[in-house]
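Engineer: output the structure for:
(one chain, ligands or ions: 2)
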Amino acid sequence: MSEAPLPTVLVVAVALIDVDGRVLIAQRPEGKALAGLWEFPGGKVEPGERPEQALIRELNEELGIDVNEACLAPFVFASHAYESFHLLMPLYLCRRWSGVVTKREHAALAWVKPNKLSDYPMPPADAPLVAWLRDLL
Ligand SMILES: Nc1nc2c([nH]c(=O)n2[C@H]2C[C@H](O)[C@@H](COP(=O)(O)OP(=O)(O)OP(=O)(O)O)O2)c(=O)[nH]1
Ligand SMILES: [Mg+2]
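Structural biologist: Residues are numbered from 1 along each chain as shown. Ligands and ions are numbered 1, 2, ... in the order given. Sure thing, here's the model as predicted:
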């Protein structure tokens with residue numbers, strides 16, 4: 001018997017890295033799926049957008065910062081089957097942006113050393129990403 005087909009949803013996310021090598025994570029707000037869990041900033045790619053454009057838009061909406069496309073380095077990706085969709089999520093690295101990181105849409109923000117990321121509950125799709133950051137950053 002074959003499984004019911006699930007839509008694949010493309011979500012782009014970023015590990016913003018500060019001068020001390022800490023990574024920004026953000027807590028999903030009440031009322032959204034996976035509320036209370038910590039995520040990498042980003043969001044769904046909308047029709048007609050390139051992934052990098054979508055990420056630049058999301059970083060402006062969510063954090064109030066401006067990122068140059070040349071400063072987004074593809075890193076690793078998550079591929080995870082949720083109950084109702086399959087998540088495909090490239091994670092970029094970014095060490096340069098302009099503006100001040102501001103909490104606009106999340107419940108909280110935290111700058112965290114890669115080896116401490118596992119202290120924060122994250123969506124199941126993110127576990128491999130945390131391991132890559134810890135091992136490769
Ligand atoms: N941004 C982000 N999303 C993640 C991560 N891990 C993970 O499973 N997701 C999932 C949660 C959501 O199902 C989806 C992102 O969707 P979202 O609802 O936050 O998208 P969005 O920012 O475009 O927000 P919205 O306008 O649709 O409300 O990806 C992660 O680390 N970062
Ligand atoms: Mg988002």
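
Engineer: buried residues in the longest helix anywhere in the chain, which are they?
Structural biologist: Longest helix of the chain, by residue count under DSSP state H: helix 51-63. Neighbour-count burial for helix 51-63 flags 51, 52, 54, 55, 56, 57, 58, 59, 62, 63 (criterion: 16 or more other C-beta atoms under 10 Å). Every C-beta, even on glycine, is put in place using the N, C-alpha and C of the backbone.

Engineer: give me the neighbour count for residue 110.
Structural biologist: Using other C-beta atoms under 10 Å, residue 110 is surrounded by 16 other residues.

Engineer: name the element it belongs to?
Structural biologist: When secondary structure is defined by DSSP states H and E, residue 110 falls within strand 108-112.

Engineer: what does residue 91 give?
Structural biologist: Using DSSP H and E, residue 91 falls in strand 86-94.

Engineer: buried set for that strand?
Structural biologist: Neighbour counts over strand 86-94 (16+ other C-beta under 10 Å) mark 87, 88, 89, 90, 91, 92, 93, 94 as buried.

Engineer: what packs against it?
Structural biologist: strand 8-16, helix 51-63, strand 73-81 (3 or more C-beta pairs under 8 Å, 6 or more residues apart in numbering; DSSP states H and E).
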